[in-house]
Each structure stands twice: as C-alpha cells, then as structure tokens.
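A.B. asks: got a sequence here, can you model it:
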Amino acid sequence: MRSGMVVAAMMGLMLAGCGPQTPEQARIDNIQDMAEAEADALESASKNQIGQIEAQADTIGAQAEVAKGYEAERLKTRAEALRKDAEIIERQAKAKVQAVRDRARADVSALKAQ
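C.D. replies: Numbers count the residues shown, from 1 in each chain. Presented below is the predicted three-dimensional model:
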C-alpha cells in the first residue's frame with residue numbers, strides 16, 4: 001500500500017513539471033519544430049537525390065568496365081562527373097539545413113529579446 005502512495009506522489013511531481021506552456025515557450029517550440037521538420041525534409045530529399053545519382057554513376061561505371069577505347073573513357077568521365085555532382089548536392093543540402101537551423105535560432109533569440 002505504501003509503495004502505491006510513493007508512485008502516486010512521484011506521478012504528481014512529474015505532472016507538475018508538465019504544466020501549461022507560456023505563449024512565448026509555445027512559439028519557441030513551434031519555431032524549433034518547424035525548423036527541424038524542414039531540415040529533415042531537406043536531408044531526406046537530398047539523400048534520395050544523391051542515392052539516385054550514385055546508382056546512375058555505378059551503372060555507368062559498370063558499363064565503362066566492359067566498354068573499350070573512347071567509349072570506356074567517355075563513360076568513366078560521365079560516372080566521375082555524376083559522383084562529383086552528388087558530392088556538390090550533399091554540400092549544398094548541408095548548407096541549406098544549417099541555414100534553416102540558424103534561422104530558427106535567430107528567430108528564437110529575437111522572440112526572447114522582446
């Protein structure tokens with residue numbers, strides 16, 4: 001019986017910490033949630049695009065292995081260019097994600113400064 005009272009008291013303390021948010025905190029949470037959702041979407045889209053480009057580069061690279069002469073050289077060059085393109089897309093996506101998170105931090109700071 002006593003352990004039930006201890007559990008009930010602990011639950012009461014935990015619920016007290018989950019009280020209603022202030023309007024400012026709700027806006028901060030909203031800004032942060034939206035930024036993370038946007039960042040996740042950017043990362044997901046770029047990973048999909050990079051995956052497709054790398055798969056295409058792998059296919060062309062495999063074709064280059066069986067080709068001869070200038071055709072093989074041309075295919076290898078194309079595969080290398082696609083891999084380089086994927087690297088650039090990855091860097092661009094990281095920069096966009098960082099910008100989204102930086103913007104959210106700035107918005108939160110501005111809100112707190114009001």
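
A.B. asks: can you show me the strands along this protein?
C.D. replies: In the chain, no strands are found when defined by DSSP state E.

A.B. asks: for it, what are the low-confidence residue spans?
C.D. replies: Residue ranges of the chain with pLDDT under 70: 1-19.

A.B. asks: list the buried residues in stretch 30-41.
C.D. replies: For stretch 30-41, the neighbour count (16 or more other CB atoms under 10 Å) marks Ile31, Ala35, Glu38, Ala39 as buried. All C-beta atoms are positioned from the backbone trio N, CA, C, and that covers glycine.

A.B. asks: for stretch 74-89, same thing?
C.D. replies: Across stretch 74-89, burial judged by 16+ other CB under 10 Å covers Leu75, Lys76, Arg78, Ala79, Leu82, Arg83, Asp85, Ala86, Ile89.

A.B. asks: would you mind measuring from the third one to Asp85?
C.D. replies: To Asp85, Arg78 is 10 Å away according to CB to CB, to the nearest Å.
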